[in-house]
Structures are given as C-alpha cells and as structure tokens.
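**Student:** Take this sequence and fold it.
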Amino acid sequence: MSRLARSLRPPALALVCCFTTLSYLPAAAETLVRIDDYDLDEIRSTGFELTRKVRLEVEAVGVRPRWASDFTAYAWILDAKTRETVWSQEQERSERVRDSSSLRRTRDEIELEPGRYELYAWAGSRWTGRGISIHLADTEDWHDIAHGRWDDERSGRELRSAVRDCWVELRSEDVSKRDLETFEPTGEIAGAVYRAAPLGDHQFVQTELVVDRPVSVRIYAVCEYPRGFDDAADGGWIVDAATRERVWDLGWRDTRKGGGAKKNRVHDDEVRLEAGRYVLCYGTDDSHSWEEWNANPPDDPMNWGITLLPGKDFDSSALHVNEKYTRGDPLFAATKVRDGDWIEQPFRLARDAEIQVLALGEWDDGEDEFADRAWISRAGNSEIVWEMRYRDTEHAGGAPKNRMFDGIVKLPAGDYVAHYETDGSHSYRDWNADRPYEPEAWGLAMWSSGALQGGDFALLEQKPREQLPNVIVQLDQVGDDARVQEEFTLDKPTRVRIYALGEGVGGEMYDFGWIEKKDTGQVVWEMTYRATRAAGGARKNRMFDGEVLLDAGTYVVRYETDDSHSFPDWNDRRPRDPRSWGISISRAEAKE
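**Tutor:** Take a look at the predicted model:
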C-alpha cells in the first residue's frame with residue numbers, strides 16, 4: 001500500500017464509524033400532550049388514552065414563591081378509571097428556573113399502564129405559606145405586602161406574567177401523537193348508580209334511595225373538610241326516611257387527603273343499606289367549589305360532590321334512585337322565617353302519633369342556647385313537650401351556628417301549640433353568616449309519619465288565653481310600668497299551677513308576681529329569683545313553672561313591671577315565650 005493510501009485510511013474509517021453511530025441514535029421524544037398559558041383561578045385539563053404500557057417524559061414549569069410551602073401553579077395526572085393521582089408536580093422534586101424567583105421546573109419519567117388518563121393544570125391567585133396569605137390578582141406591590149420577604153421579587157404584574165409562562169408537556173419515544181386518542185374529561189365514573197358532581201357554591205340535593213333487598217353501596221365523595229371543623233363545610237349524609245335516623249355521615253376520620261389545599265378530602269368506602277327507603281342529602285357552602293376555588297383545588301375537581309357506585313355483591317335490581325324526591329305536603333309549615341318573628345299554631349291530635357319534624361335554627365354559643373328556635377307546648381298550660389336542644393340537632397350546613405333537628409316526635413292525643421321564634425339577625429334572606437344548605441327550610445315543619453288517617457290531625461284557630469281550659473287567672477303580655485291584679489276564689493283546697501315570666505338581675509326580680517290572701521293581705525306565694533330559672537333569650541329572662549297547694553278562700557294575684565324590658569318592647573333578647581310575660585294560674589292536672 002502506498003504512503004498516500006495509508007494516509008487516507010484513518011479518515012475513511014472514521015467516516016464509516018460516524019455513519020454507524022448516527023444510524024443507531026434513538027429517536028427524539030415526541031410531544032404528545034401540552035397545556036400552557038395558564039389562567040388565574042381556572043382549571044385546564046385534557047384527557048388521553050394509552051393502548052399499551054408507555055414510558056412518558058414529564059416536564060412542567062410551575063410557580064412556588066421562595067417563602068411559600070405550596071405550589072400555586074402546577075400540574076398533575078389522574079387515572080380516569082380509578083380517580084387516583086398517578087403523578088403530581090406538588091409531590092416531585094423541582095428546581096428553580098434561571099432568572100426567576102418563583103418559577104420552578106420539574107422533570108420526571110413515569111410509566112403508565114394502558115388506560116385513560118387526565119392531565120390537569122391550575123394557577124391560583126391566593127398564595128399561602130409560613131402563616132401568610134396573599135391574593136395575587138389584587139396585588140401590585142408585593143414588597144410592601146410581604147414586609148421585606150420579597151426583596152428580590154418582581155411586582156405583582158410580573159408575577160402574573162410568570163403564571164402565563166407556566167406549562168406542562170408529556171413526551172414519549174414509545175408512542176406517536178397520531179396514535180394517541182384525546183378526549184375532554186368529565187369526571188364520570190363508569191357504572192355509577194347516582195352522581196351529584198361537580199357541585200358549585202350553595203347547592204343542595206336530596207335523592208331518594210328505595211332498597212328492595214339489602215345492598216352494599218360504594219360512596220365516593222370529594223369534599224371540603226377544614227382541619228379542626230366538627231362538620232364538613234361541603235358534605236352529606238343518608239337518613240332512613242321512616243325513622244329519620246342517620247345511617248351514614250361524612251366524618252373526618254372517614255376521609256383522606258384529596259390533593260391541593262389541605263381542606264380537600266376524599267371519602268371512598270362502602271355502606272350497607274337494609275331494605276327500606278332512604279334519603280341521600282349533600283350540600284355545599286358559599287365558597288370553594290367547582291364554581292370557584294378559594295384555594296388549590298382537589299386532584300379530582302370534577303367529582304366535587306358525591307357519587308354512588310356498586311359495592312360488593314351489588315344487585316342493581318335491588319336499588320332504585322328517585323332524583324325527584326320531596327317530603328310531600330306538610331301537616332304544618334312555618335318556614336322562610338325572617339328576623340324578629342314569632343309564630344304560634346295550635347293543633348289537635350285525635351290519637352297518639354309520631355310526627356316527623358324538621359326545624360332549622362340559630363345556635364348562640366355565647367348564650368348557650370338557640371337564638372332562633374322551635375318547640376311544641378301543650379295547649380292550656382304552656383308545658384313544653386318538645387324543643388330544639390343542641391345535643392339533638394345536627395349541623396345544617398354553612399355557618400357552624402346553623403343547626404337542624406330532623407327526627408320523630410312522639411305525642412299522645414291532645415291539643416298542642418307549635419312555636420317558632422327568631423331574634424333580630426341571621427334569618428331567611430338576611431343572613432349575617434353563611435346560610436344553611438337548605439335556607440328555605442329555616443323555621444319549623446311537620447309531616448305525618450304515615451300512620452295518621454284523615455281527621456287524626458287538625459290545625460286549630462288561636463284561642464284567647466282566657467278561654468283555654470283550666471285557666472283561673474291570666475295576666476300576660478304585660479308592658480312597662482304596669483301594676484295589674486285579679487281576684488279568684490277556691491271553694492276547696494286546690495293544687496294550682498303557676499306559670500310566671502319576669503325580669504331578674506343579680507338575685508333581684510324587677511318584673512314579678514305574687515299571690516295574697518284577700519282578707520289578710522298575707523303573701524302565700526312570691527316569684528323570687530332563687531325560685532326561678534332561665535326563660536330563654538336574655539339571661540335576665542326568668543321563669544317560674546310549678547305547682548302550689550292553696551286552701552279554700554279568696555286570693556289576689558298581682559304583677560308589676562319596671563320601666564323597661566317587657567312585652568312587646570324588649571331591650572334585650574325576648575324570652576322563648578314572650579306572650580306569657582306576666583303570671584298565669586290554672587288548675588293542676590290530676591296525677592294518676
């Protein structure tokens with residue numbers, strides 16, 4: 001071989017090696033799905049279906065301020081069938097984007113089985129971290145608001161621009177974009193028996209479940225349950241339609257993290273329903289829902305609400321769903337009650353009965369009693385046979401003070417009076433805090449348990465108190481600066497019931513009554529502070545309700561008031577029975 005040939009040989013070999021190397025270079029990963037140009041407070045999503053196992057490269061640019069603990073703009077992937085999160089930028093390692101103090105880049109590789117998946121992106125305007133919360137959309141001077149924490153941060157306008165620089169992209173060498181089928185996510189779960197999702201603010205649904213044979217139902221609910229709350233802010237329950245007993249309730253211990261904000265929770269479990277009729281109830285409050293999130297949304301935002309799915313050994317023929325459920329026509333209803341209302345409705349039961357009662361009212365923690373409340377008394381003597389008590393009520397949704405009684409009240413045959421009262425605030429259409437799930441039900445309503453026949457229940461006209469049975473003296477509805485009295489005579493020793501309401505402060509009574517013997521002026525009974533108890537409303541409202549044995553003879557009943565706080569002009573909360581302000585005496589019922 002010539003010297004020239006030998007000198008040309010190495011380059012030729014190098015050229016061959018180069019071509020060989022190029023022929024074996026792997027194909028570049030192709031972009032399959034991308035979401036970019038995020039919008040504040042808006043969820044972006046797209047779905048894609050894989051026909052075989054695929055390895056994906058995931059790259060996402062999100063926003064997390066240096067001082068913040070959470071991302072405010074980020075992306076995640078959900079399995080469309082199981083609704084489980086298969087990847088989230090929140091959970092993966094990230095690095096700060098060069099020349100930006102808030103943008104962070106995440107690069108990852110994941111392997112997905114064949115199936116349908118949903119890619120989501122979110123950018124919120126509320127940023128939280130280290131105990132502070134800042135609303136991005138309303139902020140122009142981050143330096144002033146952060147009190148020095150943002151020394152090297154740009155203005156709010158630049159940060160909003162940073163959100164627009166966010167994006168997420170899925171790439172793969174295993175599959176081509178033309179082989180990928182995309183779809184618009186709806187959140188629907190195959191095989192669902194019933195679905196109330198996604199729900200917005202102030203929504204309330206009631207659905208009847210008719211069970212022919214015992215069945216197990218899987219309940220999937222994505223809800224709002226802030227840590228430390230006694231009840232869910234957005235949540236639900238199932239009651240037995242006949243007994244009004246709750247057979248399922250959404251409790252904190254029955255939920256797990258739902259992704260996004262810490263208050264996002266997920267319930268996914270089964271409940272066994274025996275044969276019978278049930279009512280599923282689910283409600284949302286005034287904020288943080290599919291309509292508008294006030295914090296990072298859950299990973300499964302389209303299922304904000306509740307879905308019923310087949311449980312173990314489920315038989316579809318045993319369960320019937322009635323989405324047009326109503327309680328039917330009530331026996332009596334005083335609902336949509338406004339501020340300062342007082343309602344009384346006498347009624348008669350011809351025989352012993354069980355009455356379904358729904359009552360919504362306002363609980364006052366400071367006074368440890370209801371400010372808006374319902375009760376039922378026996379006609380003629382004001383004896384309370386049922387009343388709203390905190391331990392018998394449940395959260396009615398919205399503000400914690402909204403309480404609800406939904407149960408059965410057993411009453412023997414007789415005449416009764418249904419009562420409802422409100423104070424001067426927080427009632428239908430004039431709420432001073434978030435309204436209940438079912439605002440139109442604010443008040444009292446009663447239904448038959450199903451056993452009542454025609455004529456067993458009747459509404460009565462309101463009778464003057466003097467015409468009620470067993471009444472001897474009725475000095476009620478007494479106003480300011482009053483001195484009232486009335487005589488009565490007993491022809492034999494008689495046990496009488498004294499029912500008196502008055503004003504007492506610091507151990508002294510200022511509106512009160514007493515009984516004297518007419519011939520001697522001797523006081524035989526007096527309304528003292530120690531002998532009275534709380535009458536509801538203001539602490540100074542006092543009540544005596546008891547029996548006294550009086551000898552035969554003639555007596556004078558007296559009642560007096562000072563210059564303030566009496567019927568109907570109260571300077572503080574009125575008592576639960578304001579029309580009885582004064583004193584009433586009636587013959588006591590014979591004891592068996």
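**Student:** in the chain, what spans have low per-residue confidence?
**Tutor:** In the predicted model of the chain, residues 1-27, 126-159, 381, 463-469, 590-592 satisfy pLDDT under 70.
**Student:** didn't D231 look like it was pressed against A399?
**Tutor:** No. Counting by C-beta atoms under 8 Å, A399 is not a contact partner of D231; they are 11.0 Å apart. C-beta coordinates here come from the backbone N, C-alpha and C atoms, glycine included.
**Student:** which of the residues in stretch 272-290 are buried?
**Tutor:** By 16 or more other C-beta atoms under 10 Å, the buried positions in stretch 272-290 come out as 273, 277-290.
**Student:** could you measure P65 against R105, distance?
**Tutor:** From P65 across to R105, the span is 15 Å (C-beta to C-beta, to the nearest Å).
**Student:** Give the residue from the two that has the larger number of neighbours.
**Tutor:** Regarding P65 and R105, a neighbour count based on other C-beta atoms under 10 Å identifies P65 as having more, with 25 against 15.
**Student:** what secondary structure does that one sit in?
**Tutor:** Secondary structure, DSSP: H, G, I helix; E, B strand; the rest coil: P65 is coil.
**Student:** ok, back up a step: which single one of the buried residues of stretch 272-290 is nearest to G259?
**Tutor:** Distance to G259 across those (C-beta to C-beta) is lowest for H288, with 13.8 Å.
**Student:** With adjacent residues omitted, what lies nearest to that closest one?
**Tutor:** N294 (4.7 Å; C-beta to C-beta, 6 or more residues apart in numbering).
**Student:** Over to the one you found: give its phi and psi.
**Tutor:** phi -100, psi 10 (degrees, to the nearest 10).
**Student:** For it, grab the count of nearby residues.
**Tutor:** N294: 17 neighbours (other C-beta under 10 Å).
**Student:** Report the separation between it and Y437.
**Tutor:** Counting by C-beta to C-beta, the gap from N294 to Y437 is 18 Å.
**Student:** Mind listing what's buried along stretch 175-194?
**Tutor:** By neighbour count with 16+ other C-beta under 10 Å, stretch 175-194 contains the buried residues 175, 180, 185, 187, 189, 193-194.
**Student:** Just name the closest of the residues you listed to D165, please.
**Tutor:** For those, the nearest to D165 is P185 (24.3 Å; C-beta to C-beta).
**Student:** Verify the contact between the closest one and M302 for me.
**Tutor:** Yes. Here P185 reaches M302: they are 6.3 Å apart, a contact under C-beta under 8 Å.
**Student:** ok, so of the buried residues of stretch 175-194, who is nearest A318?
**Tutor:** Ranked by distance to A318 (C-beta to C-beta), the buried residues of stretch 175-194 are led by V193 at 10.9 Å.
**Student:** which residues does that closest one contact?
**Tutor:** Going by C-beta atoms under 8 Å, 6 or more residues apart in numbering, V193 touches 217, 308-310, 316, 319, 321.
**Student:** Which ones among the residues you listed map onto strands?
**Tutor:** Using DSSP state E, the subset of these located in strands is 217, 308-310, 319, 321.
**Student:** Buried by neighbour count, from these: which ones?
**Tutor:** Buried members of these, counted by 16+ other C-beta under 10 Å: 217, 308-310, 319.
**Student:** Tabulate these (JSON lines), appending distance to R327.
**Tutor:** Output for those, formatted as JSON lines (distance: C-beta to C-beta, whole Å):
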{"residue": "V217", "distance to R327": "22"}
{"residue": "L308", "distance to R327": "21"}
{"residue": "L309", "distance to R327": "27"}
{"residue": "P310", "distance to R327": "28"}
{"residue": "L319", "distance to R327": "21"}
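**Student:** okay, among those residues, which ones form the most distant pair?
**Tutor:** Across those (C-beta to C-beta), the longest gap, 11.3 Å, separates L309 and L319.
**Student:** how close does G536 get to L309?
**Tutor:** G536 is 47 Å from L309, where distance means C-beta to C-beta.
**Student:** Please disregard the earlier target; I meant W293.
**Tutor:** Look at W293 and L309: by C-beta to C-beta, they are 25 Å apart.
**Student:** And D456, by the same measure?
**Tutor:** Taken as C-beta to C-beta, the span from D456 to L309 is 42 Å.
**Student:** what does E486 give?
**Tutor:** For E486, the distance to L309 (C-beta to C-beta) stands at 69 Å.
**Student:** and if you look at K257?
**Tutor:** Distance from K257 to L309, by C-beta to C-beta: 20 Å.
**Student:** just N264 next, same as before
**Tutor:** Taking C-beta to C-beta, one finds N264 at 20 Å from L309.
**Student:** Please apply the same query to D572.
**Tutor:** 53 Å.
**Student:** ok, now D36?
**Tutor:** 35 Å.
**Student:** same question, V484
**Tutor:** 68 Å.
**Student:** just L112 next, same as before
**Tutor:** As defined by C-beta to C-beta, L112 lies at a distance of 23 Å from L309.
**Student:** check contacts around the closest residue to D491 other than its chain neighbours.
**Tutor:** Of all residues not flanking D491 in the chain, A552 sits nearest, at 5.9 Å (C-beta to C-beta, 6+ apart). A552 sits next to 490-494 when contact means C-beta under 8 Å, 6+ apart.
**Student:** out of those, what pair is the most spread apart?
**Tutor:** Pairwise across the contacts of A552, and taking C-beta to C-beta, the largest span is found between D491 and P493, at 9.6 Å.
**Student:** which one of these two has more residues nearby?
**Tutor:** Comparing D491 with P493 by other C-beta under 10 Å, the one with more neighbours is P493, at 10 against 7.
**Student:** Make sure the more buried one is actually in contact with L549.
**Tutor:** Yes. The pair P493 and L549 qualifies as a contact (C-beta under 8 Å) at a distance of 6.5 Å.
**Student:** ok, so of the ones in strands among the contacts of V193, who is nearest R391?
**Tutor:** V217 (29.2 Å).
**Student:** Pairing partners for that closest one in the sheet, please.
**Tutor:** V271, P310 (DSSP bridges).
**Student:** now swap in the one 5 residues further on and tell me
**Tutor:** Assessed by DSSP bridges, V222 has beta-bridge partners V266, W304.
**Student:** Do I have it right that it meets P298?
**Tutor:** Yes. Assessed by C-beta under 8 Å, V222 is found in contact with P298 at 5.3 Å.
**Student:** more neighbours, these two?
**Tutor:** Each of V222 and P298 has its neighbours counted (other C-beta under 10 Å); V222 has more, 30 against 24.
**Student:** Other residues contacting stretch 176-188?
**Tutor:** Residues outside stretch 176-188 that contact it (C-beta under 8 Å, 6+ apart): 30-33, 45-51, 80, 116, 118, 195, 197-198, 300-303.
**Student:** same deal with stretch 43-55?
**Tutor:** Taking C-beta under 8 Å, 6+ apart as the rule, stretch 43-55 contacts 32-33, 35, 38, 80, 109-122, 170, 172-175, 179-185, 293, 297, 301.
**Student:** What residues does K401 make contact with?
**Tutor:** 362-365, 426, 433.
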